[in-house]
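Trainee: After the sequence you'll find the predicted model.
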Amino acid sequence: MSADLEFENLVKLYYGDLYRFGLSLTGSEADAADLTQETFYIWANKGHQLQKAASVKAWLFTTLHREFLKTCRRRNRFSNESIDEGAEDLPNVPSDCAERVDSRTLLRILGEIAEDFRAPLVLYYMEDLSYKEIADVLALPLGTVQSRIARAKIQLLRRLSETNLPLEQAK
């Protein structure tokens with residue numbers, strides 16, 4: 001019974017963070033929920049192998065990311081269609097666009113950034129992981145993580161400046 005409570009507490013503690021990470025990777029609520037569920041399924045079967053209890057969060061994020069990559073590889077192998085649904089040219093917007101962006105628009109724009117750059121950016125800003133933790137989760141050198149975050153920020157700012165955001169409605 002205590003193992004069940006332990007698992008339930010783990011789910012309560014990390015489900016939201018893992019779901020948000022999955023959503024930022026997939027851009028789909030259903031796919032994010034599936035990735036999160038699969039991550040906890042893997043934990044239920046293999047989590048006992050983890051040596052350090054302090055590494056649980058990194059292990060879960062690493063597992064979710066690996067499952068996402070596995071899904072992408074499977075899609076590429078069995079489908080000739082591009083994962084990206086096609087981008088459209090969007091007009092320039094005023095300089096205050098970052099103040100007016102909503103979460104749905106931000107997730108859409110994040111989805112347009114290449115996954116190699118998106119994952120470190122999301123883990124850093126949305127999941128509050130350190131560069132070292134991100135390097136561990138993504139199995140990358142620390143310098144590569146820093147470089148990818150810097151490049152991802154540039155891509156994000158460029159896309160935000162190209163996106164036509166709605167004006168705030170008068171109150």
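Mentor: Noted; the coordinates are in hand. Numbers count the residues shown, from 1 in each chain.

Trainee: Let me see the domain layout of the protein.
Mentor: Domain segmentation of the chain under automatic domain parsing yields 1-81, 95-165.

Trainee: Low-confidence ranges, the chain, go.
Mentor: Scanning the chain for pLDDT under 70 picks out 1-3, 76-101, 163-171.

Trainee: Find the residue at the geometric middle of it.
Mentor: Closest residue to the average C-alpha location of the chain: residue 21 at 3.3 Å, with Cα atoms, centre = their mean.

Trainee: What are the buried residues along the strand or helix carrying that residue?
Mentor: For residue 21, the host element (DSSP states H and E) is helix 2-26. Buried positions in helix 2-26, judged by neighbour count with 16 or more other Cβ atoms under 10 Å: 10-11, 14-15, 17-26. Quick note: C-beta positions are derived from backbone N, CA and C, even for glycine.

Trainee: and if you look at stretch 109-129?
Mentor: Using 16+ other Cβ under 10 Å as the test for burial, stretch 109-129 gives 109-111, 113, 115, 117-124, 127, 129.

Trainee: looking at it, the residue nearest to the centre of the chain is touching residue 124, isn't it?
Mentor: No - between residue 21 and residue 124 there is no contact under Cβ atoms under 8 Å: 11.3 Å.

Trainee: Quick check: closest non-adjacent residue to residue 29.
Mentor: Ranked by Cβ to Cβ, 6 or more residues apart in numbering and with sequence neighbours excluded, the top spatial neighbour of residue 29 is residue 23, at 6.5 Å.

Trainee: Distance of residue 53 relative to residue 45?
Mentor: 18 Å (Cβ to Cβ, to the nearest Å).

Trainee: scratch that, residue 55
Mentor: Distance, residue 55 to residue 45, using Cβ to Cβ: 17 Å.

Trainee: okay, those two: which has more neighbours?
Mentor: The neighbour comparison of residue 55 against residue 45 (other Cβ atoms under 10 Å) goes to residue 55, with 13 against 9.

Trainee: any idea where the helices of this protein begin and end?
Mentor: For the chain, applying DSSP state H gives helices covering 2-26, 29-46, 56-78, 97-100, 103-112, 115-125, 131-138, 142-162.

Trainee: was I right about residue 108 contacting residue 27?
Mentor: Yes - Residue 108 is within contact range of residue 27, at 6.9 Å (criterion: Cβ under 8 Å).

Trainee: higher neighbour count, these two?
Mentor: Using other Cβ under 10 Å as the criterion, residue 108 and residue 27 rank with residue 27 on top: 18 against 14.

Trainee: Okay then, goodbye and thanks.
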